[in-house]
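>>> Structure, please.
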Amino acid sequence: MVAAWPNVLFKKHQKEIPHFHLNVVSQTIAVSVLLPVSFLIEDPLSVEWGLRNTAALLYLAIPGTAVVWTVYFWLYKHLKVTQISTIALIPPIIAVIIGWQLLGEQFTPRMLVGAVLILTGVLFVNYRQSRPAVVETTL
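So this is what the prediction gives:
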């Protein structure tokens, strides 16, 4: 219920608030909360700001967060809330495949079965909602 509530609110007010503004506000709130907490929990001087770490941070910040969330909020204009909620299930599958291909991480048959089950569920939800409802008439 807690996770579904923002989705319903965004869908309801999508015409009043542009999707880009939703993204800017949500990212600003996230940074405002998470940055001070990170300084309290971690030692900021312990981070090694080499090319690899800086590139990883920029990747996570720009395409991994800003672009993805902009697309996510844009989808509210074009999909139903239940369809949007299934989108969050796809990135872990992509991450596992990228880790396997680029970093040589283990990809087990169990992971494959899990990915197939998740994708089947996502396709089932989206297929059932994309079909027009059958209306029975009596003569």
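>>> just for the chain, where's the confidence low?
1-4, 7, 13-16, 19, 128-139 (pLDDT under 70).
>>> How much space separates the residue nearest to the spatial centre of the chain from L22?
With distances taken as CA atoms, centre = their mean, A88 lies nearest the centre of the chain, 4.4 Å away. When CB to CB, to the nearest Å is the yardstick, A88 and L22 sit 16 Å from each other. To be clear about C-beta, it is placed using only N, CA and C from the backbone, and glycine gets the same treatment.
>>> which residue ranges form the helices in the chain?
Counting by DSSP state H, one finds helices in the chain at the ranges 4-12, 19-41, 51-61, 68-75, 81-87, 90-103, 109-130.
>>> Can you tell me what sits against the longest one?
Helix 19-41 is contacted from outside by F10, P44, T65, A66, W69, T70, F73, W74, Y76, K77, using CB atoms under 8 Å, 6 or more residues apart in numbering.
>>> How many neighbouring residues does V68 have?
Close neighbours of V68, defined as other CB atoms under 10 Å, add up to 14.
>>> again but with G121, I slipped
So G121, with other CB under 10 Å, has 12 neighbours.
>>> what's the answer for W69, then?
Per other CB under 10 Å, the neighbour tally for W69 reads 18.
>>> Let me see the contact set for it.
Counting by CB under 8 Å, 6+ apart, W69 has contacts N23, S26, Q27.
>>> And the last one, how close does it get to L60?
It stands for Q27. Taking CB to CB, one finds Q27 at 12 Å from L60.
>>> Neighbour count for those two, which is higher?
Between Q27 and L60, Q27 has the larger neighbour count (other CB under 10 Å), namely 15 against 11.
>>> Quick check: can you list the domain ranges of the protein?
With domains defined by automatic domain parsing, the chain comprises 1-79, 89-139.
>>> chain center to stretch 87-101: distance?
Its chain's C-alpha centre and that of stretch 87-101 lie 11 Å apart, by CA atoms, centre = their mean, to the nearest Å.
>>> before we move on, the earlier item: which of the contacts of helix 19-41 are buried?
F10, W69, T70, F73, W74, Y76 (16 or more other CB atoms under 10 Å).
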